[in-house]
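# just coords:
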């Protein structure tokens, strides 16, 4: 009888152990499926950054002016933030998969409709390729990013870095595909093909991007971000929010001033076109790599410290451009792309660490208002330089000054965090 009791106890323990192991394996499968499907969906949110490849073909096919066509780069970026805020709000209410479905349909529909209506009127293209694409992208981005961080609450930098890296790889993967499609079938075929790929990625995201169990989320949030679960209203009332937005806006300005002329400035200086195109490709690779490496490193070294390092590199890149040396100019273009990746890769985990994970979807969408400001102001600055026939050195000096200002705001942010007594129980990485 004693032997039977021992045997029954042993069986209970082994059964519980096997059930726990099976549960862990199932969770790991869900997590890996979420990360893969999420990365696939986020890959296409980098589509506006390869618009320079489409622009010459659109100009040729429509006969529109260059300034009219270039708006198709700025509009998706503007409405991307709107989509982030809108999608994040729906996601925070517990409708993540619905948000992905709506976002994917709007994104894919916008690109396909733009192909079918191209050349009729610029406003139709702005609505489809600009507004619809941007809102759809933002909704997908908000859900995937917030979900990834909730699966890795102790390593939010790693989680956001993995999925955001896909955004940076868009230029490397889609550039040659787009070039081939444009040469073989023209703008319409290329856009329709990309639209169907976007729809496929959205279907995968709806199927595989799932939340961890609710009780696990709350337990882990309370362990790591105790007392720091800010709602959007609470967040906006803090100085930290404005310092964070200002750091993002000013830190991105060097890239937004340089990116539109990244090829032309090199060709004008006598650099071979193949080298100029290669620098953009290399910049895209660095952009993607930094998005993965820097947030992961920041989990240990500190997020603000890593962002400050990126801002120093941005200053160096602007000085290289000011120097006028051909080799340094090419190197500066690559570094500028890398700095863009560093900032975009670091801010999601930084905002979650400062304001908590619970409302991360909508909160980060609001913080991305810094992108709206820089997207509006950067072309204004560029046009003023052109109108007044100023040297390109003025453009690069402006970029350098904004990087310095961003560094100043990051210092104020760090000081404000220390003064407010914000503590992270396990990882004080700010």
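Looks like it arrived, so ask away. What you are looking at is a predicted structure, and each value in this text was computed from that prediction instead of being measured.
# outside of stretch 396-411, which residues touch it?
Stretch 396-411 has contacts (C-beta atoms under 8 Å, 6 or more residues apart in numbering) with 243, 246-247, 249-251, 253-254, 257-258, 304, 307-308, 311-312, 314-315, 318-319, 321-322, 381. Bear in mind the C-beta positions are built from the backbone N, C-alpha and C, glycine included.
# in it, what's buried?
396, 398, 399, 400, 402, 403, 405, 406, 407, 409, 410 (16 or more other C-beta atoms under 10 Å).
# do the same with stretch 258-269
Judged by neighbour count using 16+ other C-beta under 10 Å, the buried positions of stretch 258-269 are 258, 259, 260, 262, 263, 265, 266.
# Out of these, which comes closest to residue 231?
For the buried residues of stretch 258-269, the residue nearest residue 231 by C-beta to C-beta is residue 259; the value is 34.6 Å.
# ok, then the element right after the lowest-mean-pLDDT helix or strand in the chain?
The helix or strand of the chain with the poorest confidence is helix 214-224; it has a mean of 50 (mean pLDDT, DSSP states H and E). The first helix or strand that comes after helix 214-224 along the chain, using DSSP states H and E, is helix 232-236.
# Just list what that following helix packs against, helices and strands only.
Counting contacts by 3 or more C-beta pairs under 8 Å, 6 or more residues apart in numbering; DSSP states H and E, helix 232-236 packs against helix 360-367.
# Rounded mean pLDDT for the following helix or strand past the helix it packs on, please.
For helix 360-367, the succeeding helix or strand toward the C-terminus, using DSSP H and E, is helix 369-387. If you average the pLDDT over helix 369-387, you get 86.
# quick one: buried residues of helix 369-387?
369, 370, 371, 372, 373, 374, 375, 378, 379, 381, 382, 385.
# just checking, the second one touches residue 252?
It stands for residue 370. Yes. Between residue 370 and residue 252 there is a contact under C-beta atoms under 8 Å: 7.1 Å.
# ok, back up a step: looking at the buried residues of stretch 396-411, which are in helices?
Among those, the residues falling in helices (DSSP state H) are 396, 398, 399, 400, 402, 403, 405, 406, 407, 409, 410.
# what about burial for the contacts of stretch 396-411, which qualify?
Neighbour-count burial (16+ other C-beta under 10 Å) is assigned, among the contacts of stretch 396-411, to 243, 246-247, 249-251, 253-254, 257-258, 304, 307-308, 311, 314-315, 318, 321-322, 381.
# Same list, the buried residues of stretch 258-269, but as JSON lines with pLDDT and distance to residue 337 please.
Formatted as JSON lines, the buried residues of stretch 258-269 follow (pLDDT from 0 to 100; distance: C-beta to C-beta, whole Å):
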{"residue": "258", "pLDDT": "88", "distance to residue 337": "9"}
{"residue": "259", "pLDDT": "81", "distance to residue 337": "8"}
{"residue": "260", "pLDDT": "74", "distance to residue 337": "13"}
{"residue": "262", "pLDDT": "79", "distance to residue 337": "8"}
{"residue": "263", "pLDDT": "73", "distance to residue 337": "12"}
{"residue": "265", "pLDDT": "81", "distance to residue 337": "14"}
{"residue": "266", "pLDDT": "84", "distance to residue 337": "13"}
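# Same list (those residues) but as JSON lines, adding secondary structure and distance to residue 416.
Putting the buried residues of stretch 258-269 into JSON lines (DSSP: H, G, I helix; E, B strand; the rest coil; distance: C-beta to C-beta, whole Å) gives the following:
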{"residue": "258", "secondary structure": "helix", "distance to residue 416": "30"}
{"residue": "259", "secondary structure": "helix", "distance to residue 416": "31"}
{"residue": "260", "secondary structure": "helix", "distance to residue 416": "34"}
{"residue": "262", "secondary structure": "coil", "distance to residue 416": "35"}
{"residue": "263", "secondary structure": "coil", "distance to residue 416": "40"}
{"residue": "265", "secondary structure": "helix", "distance to residue 416": "38"}
{"residue": "266", "secondary structure": "helix", "distance to residue 416": "40"}
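# contacting residues for residue 151?
With C-beta under 8 Å, 6+ apart, residue 151 has these contacts: 31, 34, 35, 159, 212.
# Going by neighbour count, which of the residues you listed comes out on top?
Each of the contacts of residue 151 was scored for neighbours by other C-beta atoms under 10 Å, and residue 159 scores highest at 28 neighbours.
# Low-confidence ranges, the stretch 1-150 of the chain, go.
Along the stretch 1-150 of the chain, the model assigns pLDDT under 70 to residues 1-23.
# Can you identify each of the helices in it by residue range?
Assigned by DSSP state H, counting those that start in this stretch, the stretch 1-150 of the chain shows helices spanning 2-43, 51-62, 66-92, 96-117, 122-125, 133-151.
# any idea how far stretch 117-126 is from the chain center?
27 Å (C-alpha atoms, centre = their mean, to the nearest Å).
# any residues touching that stretch, and which ones?
For stretch 117-126, contacts defined as C-beta under 8 Å, 6+ apart pick out 58, 61-62, 64, 68, 71-72, 75, 114, 128, 187-188, 191.
# Can you tell me which of the residues you listed lies closest to residue 351?
Closest to residue 351, out of all of the contacts of stretch 117-126 and judged by C-beta to C-beta, is residue 75, at 24.4 Å.
# how much space between that closest one and residue 399?
23 Å (C-beta to C-beta, to the nearest Å).
# Also residue 116?
Computed as C-beta to C-beta, the residue 116 to residue 399 distance reads 39 Å.
# Make sure residue 105 is actually in contact with residue 202.
Yes. Applying C-beta under 8 Å, one finds residue 105 in contact with residue 202, separated by 7.0 Å.
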